[in-house]
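*Asks:* next comes the sequence, and after it the predicted model I'd like to discuss.
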Protein chains: 2
Amino acid sequence: MEFHEIYLLYRHELDRVERLLDERAHADHVDLAKAGRTLLEAGGKRIRPLFALICGLGEREWSEDVAKIAAALEMIHMATLVHDDVIDRADLRRGKPTVRKSYGNLAAMYTGDYLFARAIQLLAEVDNLEVHRLMARGIVLLCEGEIEQIEDFYNWSQGVMTYLRRIHRKTALLISLSCQLGAMVGGAPEREVAALARFGHAVGMAFQIVDDLLDFTGAAEIVGKPVGGDLRQGNLTLPALLAASRPGFGERLRALVREGMREEEAEEAIRLVVASGALADAERLAERYLEKSRHLLQAVNRETVREQLMGLTSFIIRRQY
Amino acid sequence: MEFHEIYLLYRHELDRVERLLDERAHADHVDLAKAGRTLLEAGGKRIRPLFALICGLGEREWSEDVAKIAAALEMIHMATLVHDDVIDRADLRRGKPTVRKSYGNLAAMYTGDYLFARAIQLLAEVDNLEVHRLMARGIVLLCEGEIEQIEDFYNWSQGVMTYLRRIHRKTALLISLSCQLGAMVGGAPEREVAALARFGHAVGMAFQIVDDLLDFTGAAEIVGKPVGGDLRQGNLTLPALLAASRPGFGERLRALVREGMREEEAEEAIRLVVASGALADAERLAERYLEKSRHLLQAVNRETVREQLMGLTSFIIRRQY
């Protein structure tokens, strides 16, 4: 099943989520309202809401709670993006100026806080304490992941395991929660909820690895940010770490990528990562996670749901390249 | 009842709250752990936990849930302080270097996020959805209050009402929630819970007005930050707004306090506020809130609880000056 078909199939549900985002992320304060508006209009693929909707609704009847979970997850995601952009000093996201670029770091900090708070408020409308517990734990780990990312900037002594742990917290967890909480609130059987949590994790890992690959391979005008941006700011992702483990590349990369490196050094480093063949290895790891996710779907009884989830997952790994 | 007596009376409960803070704000990450440690050691008067403990326990039996509420409220308070210091570019708090001074603005942003997340996680252990709803709403308003404060920097067209609305959100709400949620989780009758919520609001308003007064009257070594710090950074508090409404003072203050003012101008402005007699007026307003809070306590049946709450409240308004 293709992405646009899934999108069409869930258009009413997604529309409800958009309206929830619009209503609930709304603020009376001018700057905040403008920043929120900028964020909403910048859009995004609404991957997390879609996973929640598919896992939570599938062929079941409409549940407003699933829509609330979907919107809350997207708001938490948006909040982390806004704070991320402060950390990364990012000027562009999805080809548009970031909140911090348009309104400054302080406004971005509070826009993020506000979105977090609004997400938690929306979640509090769902009568399920287990949802709160899982989400709260998720947010804690998400924060830890963000902090690890800062601590690991330019840290060449980290291995691939450190990277995997970081992206688990930074990305996979929220996608896993989208599937798990969607299924839970939608009333799926326990065994399916557990399988969907693991499915979401595997998809999320693949998703982040692909995202990190795109940073090396994607054209700036498609990805909406400059190529090699991660490496330029010392964020050592899978391609860089795999390249560094190859004889003849590690030493040169370590010598080039350090705080205060010059533009020519950054470009040389990006060329080295590409030349090392690490991109193909990274892609293979993403595919392994994807296969694992497909395997986990066998625990889901409804065939249409399996097809939709596989369609969405394939789209994620295929996008842009 | 004196503050130290209340403190002694609740020493075991406060100790439990300290241990919860210590356990739950704990992080594996070096920087985060250090920042959290710095914050915990900087202490604070634990006003919010005390209100929650008195309202929630009083003469009732021990409830771990009340301790969790108390600790969560303090963590949320700490999170806002850390983010506040980023906004205010503050180097000192309670006479000690702030997180942002010691570890940088980015680490401070994430320390705040992390504390927020941990607070929500702790709250999620309490089986009461109404608590989550009230707290979530409170956090949203708290964020809005912080943003209003930024928007209102150097804004001389704001009146006292704007100030009161801002401090309601920024301060009074969390103290109100401490009383309300403590009482609710502790099993107080509904009428008492409602009265304690309003009591906490009145106390919180008085508390913030006194805090803003101290910024003009307190010696730097007691308050732990330079005198007139609010005015220096364009944060127009009650004394400044009241002074500006007095004939002969308004125009001069408006001319002096603007972005990029010089040190002599700031000092002149502080002298003007003091000379205007506005401090006594601000003090009177704080006392009116205090009286209102005492009046609201009549709805509380237990005399010892009333005495303890009055003692704590008097301490708040009398401290340091």
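*Replies:* Here it is on my side, so go on.

*Asks:* and for the closest residue to residue A:162 other than its chain neighbours, the neighbour number?
*Replies:* In space, and not counting its chain neighbours, residue A:162 is closest to residue A:152: 6.6 Å by Cβ to Cβ, 6 or more residues apart in numbering or on different chains. Placement of C-beta: from N, CA and C, glycine included. Residues contacting residue A:152 under the criterion other Cβ atoms under 10 Å in any protein chain shown number 17.

*Asks:* from chain B, how far off is residue A:152?
*Replies:* To chain B, residue A:152 is 10 Å away according to Cβ to the nearest Cβ, to the nearest Å.

*Asks:* now residue A:114
*Replies:* 4 Å.

*Asks:* just give the nearest non-adjacent residue to that residue, would you?
*Replies:* According to Cβ to Cβ, 6+ apart, the nearest residue to residue A:114 is residue B:143 (4.4 Å).

*Asks:* would you mark the buried spots in the host helix or strand of the one you found?
*Replies:* Assessed by DSSP states H and E, residue B:143 sits inside helix B:129-151. Residues of helix B:129-151 classed as buried: B:131-132, B:134-150 (neighbour count, 16 or more other Cβ atoms under 10 Å in any protein chain shown).

*Asks:* which residues of the stretch 51-200 of chain A lie near chain B?
*Replies:* Applying Cβ under 8 Å from any Cβ of the partner chain, one finds that the stretch 51-200 of chain A approaches chain B through A:83, A:86-87, A:105-107, A:109-110, A:112-114, A:116-118, A:120-121, A:123-125, A:127, A:129, A:132-133, A:135-137, A:139-140, A:142-144, A:146-148, A:150-151.

*Asks:* please repeat the previous calculation with a cut-off of 7 Å.
*Replies:* For the stretch 51-200 of chain A, the residues in contact with chain B under the definition Cβ under 7 Å from any Cβ of the partner chain are A:83, A:86-87, A:106, A:109-110, A:113-114, A:116-118, A:120-121, A:124, A:127, A:129, A:132-133, A:136-137, A:139-140, A:143-144, A:146-148, A:150-151.

*Asks:* the bottom helix or strand of chain A by mean pLDDT?
*Replies:* helix A:220-223 (a mean of 54; mean pLDDT, DSSP states H and E).

*Asks:* and the next helix or strand after that helix, what does it pack against?
*Replies:* Where DSSP H and E defines the elements, the next helix or strand beyond helix A:220-223 is helix A:229-232. Counting contacts by 3 or more Cβ pairs under 7 Å, 6 or more residues apart in numbering or on different chains; DSSP states H and E, helix A:229-232 packs against helix A:190-217, helix A:263-275.

*Asks:* deepest-packed of those helices, please.
*Replies:* helix A:190-217 (a mean of 22; mean count of other Cβ atoms under 10 Å in any protein chain shown).

*Asks:* compute the inter-axis angle for that helix and helix A:263-275.
*Replies:* Relative orientation of helix A:190-217 and helix A:263-275, computed by axes from the mean of the first three to the mean of the last three Cα atoms, to 10 degrees: 130 degrees.

*Asks:* and helix A:190-217, average pLDDT?
*Replies:* Mean per-residue pLDDT for helix A:190-217: 94.

*Asks:* pull the distance from that helix to the chain's centre.
*Replies:* The chain centre lies 9 Å from the centre of helix A:190-217; the measure is Cα atoms, centre = their mean, to the nearest Å.

*Asks:* swap in stretch A:139-158?
*Replies:* With Cα atoms, centre = their mean, you get 15 Å for stretch A:139-158.

*Asks:* residue A:202 and chain B, how far apart?
*Replies:* Relative to chain B, residue A:202 is positioned 24 Å away (Cβ to the nearest Cβ).

*Asks:* just give the closest residue to that residue, not the sequence neighbours.
*Replies:* residue A:293 (3.8 Å).

*Asks:* give me the number of residues near the nearest residue to residue A:119 once chain neighbours are set aside?
*Replies:* Nearest residue to residue A:119 in three dimensions, chain neighbours excluded: residue A:75, at 3.8 Å (Cβ to Cβ, 6+ apart). Residue A:75 has 28 neighbours, counted by other Cβ under 10 Å.

*Asks:* and the gap between residue A:75 and chain B?
*Replies:* 12 Å.

*Asks:* ditto for residue A:286
*Replies:* Taking Cβ to the nearest Cβ, one finds residue A:286 at 27 Å from chain B.

*Asks:* which residues touch the closest residue in space to that residue that isn't next to it in sequence?
*Replies:* Excluding the flanking residues, the one nearest residue A:286 by Cβ to Cβ, 6+ apart is residue A:209, at 4.1 Å. By Cβ atoms under 7 Å, 6 or more residues apart in numbering or on different chains, the contact list for residue A:209 reads A:238, A:282, A:285-286.

*Asks:* which SS class is the residue nearest to the spatial centre of chain A?
*Replies:* Centroid-nearest residue in chain A: residue A:171, 4.5 Å away (criterion: Cα atoms, centre = their mean). Under DSSP: H, G, I helix; E, B strand; the rest coil, the three-state class of residue A:171 is helix.

*Asks:* kindly report the same for residue A:89.
*Replies:* Under three-state DSSP, residue A:89 falls in the coil class.

*Asks:* check it and give its pLDDT.
*Replies:* Reported pLDDT at residue A:89 in the predicted model: 75.

*Asks:* so the residue nearest to residue A:119 touches residue A:22, yeah?
*Replies:* No - the criterion here is Cβ atoms under 7 Å, and residue A:75 misses it with residue A:22 at 11.1 Å.

*Asks:* dump the C-alpha coordinates for stretch A:243-252 into CSV.
*Replies:* Output in CSV follows, covering the C-alpha atoms of stretch A:243-252 (Å, rounded to 0.1, in the frame of the first residue of the first chain):
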residue,chain,number,x,y,z
ALA,A,243,33.5,5.3,8.2
ALA,A,244,35.8,6.0,11.1
SER,A,245,36.0,2.2,11.9
ARG,A,246,37.5,1.6,8.4
PRO,A,247,41.2,1.3,8.0
GLY,A,248,42.7,4.4,6.4
PHE,A,249,39.6,6.6,7.2
GLY,A,250,39.4,6.7,11.0
GLU,A,251,42.5,8.7,11.6
ARG,A,252,41.9,11.2,8.9
